[in-house]
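>>> need a structure here:
(chains A and B)
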There are 2 protein chains.
Amino acid sequence: MTAEERHRERMQRKKELVDRKIARATIERGVLVVNTGNGKGKSSSGFGMLARSLGHGFRCGVVQFIKGSFSTGEEAFFRRFDDELAYHVMGEGFTWETQDKARDIAAAQAAWQVAAGMLADPEYDFVLLDELNIALVQQYVQLEQVLTALAARPPNQHVVITGRGAPDGLIDVADTVTEMRVVKHAFQAGIKAQKGIEL
Amino acid sequence: MTAEERHRERMQRKKELVDRKIARATIERGVLVVNTGNGKGKSSSGFGMLARSLGHGFRCGVVQFIKGSFSTGEEAFFRRFDDELAYHVMGEGFTWETQDKARDIAAAQAAWQVAAGMLADPEYDFVLLDELNIALVQQYVQLEQVLTALAARPPNQHVVITGRGAPDGLIDVADTVTEMRVVKHAFQAGIKAQKGIEL
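As a prediction, this is how the structure comes out:
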């Protein structure tokens, strides 16, 4: 048997294995994806799935629970898609920038009301709740509210939730959970946050 | 001191720490980002950064080294941006689907030539080499070729490389590396790959 034939045989066996696994996965329904951990890629992966969803003609919603002081590239980009996409950025953001806890809680709750409206609306095929985990960790939004709304959502609606420190109760009910682990980060080497990468 | 005042003081200290760290990061240049690991989010994060880059008006290039048998949502979506984006999908893809190693190597090399052209061209602000790591692991593209092209690229060009099994030599020269770790995946529970999420 030549090397080329051996390669073909190995690949045929691999293809059979892969095809068998794919054949076993038969359930079709909306999934809950959670991106957590300290590494880069949690939000950008959410925005990549948003692009995929728009590519399929889905009706999409985004709520960003943290607004930096800069206008981010993803906001500038996705604002072009007004017809297919409802994009809500929490007015004031929160955490150490506002230094006002009562205002932070009010802003987080207002953003959560927008999110809850999307989760209750069968018109939305895909909902991205960017940095919601931060609001959950701070207890500005209660986990129970979120779990109840997720459980009651339309069965085919996909939801992506991002942010460090995803609570265990959220991980329990999620379908796909990824921990983004830092191997290294440019910031540690003195490189500023870069447009197109972080901003 | 009221609880509200204590919160403000804590947040002021946090803001000082954050601001000091940000002030120390002063370098501005193109960064090399590598997304690796077995978890979900490597490619979708790359496409999220592509959206950010397009949001900033950057000229962008994408080479996808693995093509599935489906037309992916991100391809359908980003094909709308012909003026700002050069999008190249490797004609035949490779691995177990083709079962023909010589054809796989030729296809990977042809895709690499397109990528190398982008890395040599100062017109490109952002280049995404999706699943290049798979071609490196298979040695269909040589790591040395890639490292040489990356080192010689325009100083402000951002590059994002995705795929499991990123070689150590690539991690060494990267600025930001994330390992996407699987906590769980819907596929393991029998759920098909879903449009907008995986496709």
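
>>> from here on, contacts and neighbour counts on C-alpha atoms
Fine.

>>> report pLDDT for the closest residue to A:T72 other than its chain neighbours.
In this structure, A:T72 finds its nearest non-sequential neighbour in A:L199, 5.0 Å apart by CA to CA, 6 or more residues apart in numbering or on different chains. Here the pLDDT value assigned to A:L199 is 87.

>>> what about A:L199, how many residues close to it?
When neighbours are counted by other CA atoms under 10 Å in any protein chain shown, A:L199 registers 18.

>>> ok, it to B:L50 distance?
Distance of A:L199 to B:L50, computed by CA to CA, to the nearest Å: 11 Å.

>>> now do A:K192
18 Å.

>>> A:V127 too?
Distance from A:V127 to B:L50, by CA to CA: 20 Å.

>>> now swap in A:R8 and tell me
For A:R8 relative to B:L50 (CA to CA), the value is 36 Å.

>>> check A:G73 too.
As judged by CA to CA, A:G73 and B:L50 stand 9 Å apart.

>>> those two: who's more crowded?
More crowded of A:G73 and B:L50, by other CA under 10 Å: B:L50, with 32 against 24.

>>> so the more buried one lies in a helix, does it not?
Yes: with DSSP: H, G, I helix; E, B strand; the rest coil as the criterion, B:L50 is part of a helix.

>>> thought it was touching A:E198?
No: B:L50 sits out of contact with A:E198 when judged by CA atoms under 8 Å, with a separation of 11.0 Å.

>>> stretch A:10-25 and chain B, any residue contact?
Yes: using CA under 8 Å from any CA of the partner chain, stretch A:10-25 reaches chain B at A:M11, A:Q12, A:K14, A:K15, A:I22, A:R24, A:A25.

>>> neighbour-wise, which of the residues you listed leads?
Counting by other CA under 10 Å, top hit in the residues of stretch A:10-25 next to chain B: A:M11 with 19 neighbours.

>>> how would you label that residue: helix, strand or coil?
Under three-state DSSP, A:M11 comes out as helix.

>>> count of residues packed around the closest residue to it other than its chain neighbours?
Excluding its sequence neighbours, the residue lying closest to A:M11 (CA to CA, 6+ apart) is B:W96, at 4.6 Å. Residues near B:W96, counting by other CA under 10 Å, number 20.

>>> what does A:Q188 give?
Neighbours of A:Q188 under the rule other CA under 10 Å: 13.

>>> find the closest residue to chain B in chain A.
Chain B sits closest to A:S45 of chain A, with a gap of 3.5 Å, by CA to the nearest CA.
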